[in-house]
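S.K.: coordinates only, no sequence provided:
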């Protein structure tokens, strides 16, 4: 009981938007599709919805192909990044629209709309027009309209991206319970935010340049990203990637940054690699191999992100707590050698070795 | 939405309108071309084949080419005046004037009125002895002027009526453009301490360049058809002093019933109009955009 | 000192232009209450003081002596203008929606070329079409009929409707109609239930322009109808003979331009709200 897409391909004006995408999306589970902008996430959703033609590939639901059905016969619900509602209808009528289209009994429509509106916290807003409520509320209406149908497939295309930070966190926290009502639906959720994906998804699909780079459980993808690209996408800020090599004296990173080789890495062949380390696993230290100047710092919520440019390499740190570091401040950065990811030093950058999972999950 | 499932809907939206227009326009157009190759006239009605005889004749038809020059002069002249006046009026009622909504309505009114009907009224106004125009100028010791019976005056009269009739259209397009302009450049100019004149030339005018080009082209297209007002005010006269190309073709075709010849004139008129308007449009875009950057 | 001078100049300019705009209407209004005596004695302006007002001009429009019966032309004008405008809006709106949402391709012809074809019809001088229209309507047996004129006016008005509506639909987010389709609407239902209700301002603008250009046409009505059908402009211009009854002429002119002057109020409302800026470019 699942949605299966096989070898979806789409090239427009010589640009491959989808290059052979295959994946399975089980019913009753929430799959997060994560990737940078233009990775093909939106195109994938539009193809599933029937809003975009494909050059080749198969789509089927529970073993029945539906690639030739027009959009209006597919039973797919979708929520856009922009807060799209029908401007001429009240909130209540917006949510009732798909049900009325299905010619459900009036009492049934009323009941289901009221139920969904109270689920998304808009029970008292039924009579308002979408233009008379806030952006966050508008997106809740769009969400309600998608939820009320209990459609086979529910697609969400970065639904939180245009909300401000606080609303985004609030709505994200509600998502798990919102989707628990959709136990028979395939739910696909596009995002660029790893934290969002980790928190709400049962399965993660990482897309990169029109292809699927990795599919797996959130923790698996996070602990063992199959390539440099996935490692960058699945971490926010993106994982620090430094070129380097393993030789007789240990590890050599960036421009002459020496680290002792931990046991896990000492056995690897002595040659060039790319090393990755999460921004959150770097820490300021007085006695440190990497010293550099802060070029940019940013405080968001209770975390501080520091961009440090050193002679031996540039890295991004993410620290718990608020630190004020004016540009130019020189700090040392401790790099925990046992937390390094090792990738192949080629275009693909396949994962060779990952550190043990924190917390062992 | 380029999947095959959409094809039926795609065509259903476009085709009724497109085929309708093709049916109504294409037949007349091809027919005109065909007729222009015939010697169809009151004396020999019928669709014979006369080759390019009509075209050869029209090359040396001085009256036709003069009517063309006249039309070009009138169109360019009136559109320029309309642009200047329309822009001025749009600026005046754009902001900071009392009763601006009243004036906006008032300034729009002439374009809503039927050109021939208003021309009939203008004819009474410009009547040499019984009209108020000379009466009014007489207060200042001027006139009386032969508004419709002297060549130059008749030309000026037709142009004035055109300006009265169509400045509102220019005004409408330009005011709509002004209203949609962003506020920031004006704030910046105000902070720089620019006066109204400098603000106009450095900010308003460059920002309005695209709207200006559009408005001038639209008006030139419409003005290239000037005819109704001529018909009522002067009937092309005195002599041929106000005869425009359209009016001349009307006389040859529907009055003298030289259908074949009139068709050849029509085809020539259309081709010259398309060429001229395209060239003018390109030139306008180049000068305005050139100055804007 | 300077600002006050500028301000005075501004009001002066506005008032002078207002006077110029109003002059023909004022003159027509006062003339419409005159009799032959009031006209032939030279220009007069003030009723009772300068001439003895009479309702003769106005009465002559409704069957009174010495004028024209304006009722039938009025009805004909309304039928032809409204009929052609509505058909043009319907066809034009559908075509514009198609052009705004779908990709058309036939050989080297693309969407932009089709839009240009529609708009380019405005370049066509009426005289070029008059003779073939005449023969075409004669062939169809529609000469001197309202139906024939409606067909011709559609050719004039459809380009206006397409032009305004393509721009307007381009400004309505596609996501709205996509959403409707995902909610189970066919493209037709999406258009009628969702796009159309949200496009009323654009349709109103297009309709107004169609009405203006339809109502104000003279040349086609003049060349394609004679006795059975007579539209207002033709009927009024027919009065413009050597012995012109200025009073009837003025009254009929005022009464025939009156309905469209009301449109000026609507246009101004849309203009001041900024709706027009999107609709006209």
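M.R.: Received it, and whenever you're ready, just let me know what you need. Computed from a predicted structure; not experimentally measured.
S.K.: all helices for chain C, in order.
M.R.: In chain C, helices defined by DSSP state H lie at C:2-31, C:36-40, C:56-59, C:71-101, C:111-120, C:126-140, C:146-170, C:174-182, C:187-189, C:200-215, C:219-224, C:232-238, C:246-273, C:275-279, listed in chain order.
S.K.: next, see if the second one gets close to chain B.
M.R.: Yes: remark: helix C:36-40 sits within contact range of chain B at C:39, C:40, by C-beta under 8 Å from any C-beta of the partner chain. Every residue, glycine included, has its C-beta placed from N, CA and C.
S.K.: which strands and helices sit next to that helix?
M.R.: Secondary-structure packing of helix C:36-40 (3 or more C-beta pairs under 8 Å, 6 or more residues apart in numbering or on different chains; DSSP states H and E): helix C:246-273.
S.K.: residue 158: what's it in contact with?
M.R.: Let's take chain A. Residue A:158 makes contact with A:41, A:42, A:81, A:190, A:191, A:192, according to C-beta atoms under 8 Å, 6 or more residues apart in numbering or on different chains.
S.K.: wrong one, chain C
M.R.: Taking C-beta under 8 Å, 6+ apart as the criterion, residue C:158 is in contact with B:17, B:20, B:21, C:88, C:91, C:92, C:118, C:121.
S.K.: restricted to strands, list the contacts of residue A:158.
M.R.: Assignment to strands by DSSP state E places the following of the contacts of residue A:158 there: A:190, A:191.
S.K.: and the contacts of residue A:158, which is closest to residue B:180?
M.R.: Taking C-beta to C-beta as the measure, residue A:81 is the one of these closest to residue B:180, at 26.1 Å.
S.K.: state the distance from the closest one to chain C.
M.R.: If you measure residue A:81 against chain C using C-beta to the nearest C-beta, to the nearest Å, the figure is 9 Å.
S.K.: ok, and the closest non-adjacent residue to that residue?
M.R.: Spatial nearest neighbour of residue A:81, excluding adjacent residues (C-beta to C-beta, 6 or more residues apart in numbering or on different chains): residue A:158 at 4.6 Å.
S.K.: how about the helices in the chain?
M.R.: Looking at chain A here, since you left the chain open. Going by DSSP H, chain A shows helices at A:41-49, A:91-101, A:106-119, A:135-148, A:165-179, A:194-200, A:218-223, A:228-233, A:263-266.
S.K.: correction: the question concerned chain B.
M.R.: Using DSSP H, helices in chain B cover B:7-36, B:53-59, B:62-92, B:100-112, B:115-125, B:132-138, B:151-179, B:184-191, B:196-199, B:205-207, B:209-223, B:228-233, B:245-250, B:259-292.
S.K.: quick one: which of the ones you listed is nearest residue A:177?
M.R.: helix B:7-36 (39.2 Å).
S.K.: residues near residue A:60, how many?
M.R.: 14 (other C-beta atoms under 10 Å in any protein chain shown).
S.K.: burial measure for the closest residue to chain B within the stretch 1-150 of chain A, as a count.
M.R.: Closest residue of the stretch 1-150 of chain A to chain B, C-beta to the nearest C-beta: residue A:70 (3.7 Å). Burial measure for residue A:70: 18 neighbouring residues, criterion other C-beta under 10 Å.
S.K.: same question for residue C:71.
M.R.: As a burial measure, the neighbour count of residue C:71 was computed by other C-beta under 10 Å and equals 11.
S.K.: just want the angle from the helix-or-strand element of chain A with minimal mean pLDDT to helix A:135-148.
M.R.: Confidence across the helices and strands of chain A bottoms out at helix A:165-179, with a mean of 80, counting by mean pLDDT, DSSP states H and E. The directions of helix A:165-179 and helix A:135-148 differ by 10 degrees, with axes from the mean of the first three to the mean of the last three C-alpha atoms, to 10 degrees as the criterion.
S.K.: now for helix A:165-179, which elements pack on it?
M.R.: Secondary-structure packing of helix A:165-179 (3+ C-beta pairs under 8 Å, 6+ apart): helix A:135-148, helix A:194-200.
S.K.: go with 10 Å
M.R.: For helix A:165-179, the elements it packs on are strand A:30-34, helix A:106-119, helix A:135-148, strand A:153-157, strand A:186-191, helix A:194-200, judged by 3 or more C-beta pairs under 10 Å, 6 or more residues apart in numbering or on different chains; DSSP states H and E.
S.K.: what does the stretch 1-150 of chain A put close to chain B?
M.R.: Neighbours of chain B within the stretch 1-150 of chain A, by C-beta under 10 Å from any C-beta of the partner chain: A:12, A:46-47, A:50-54, A:67-73.
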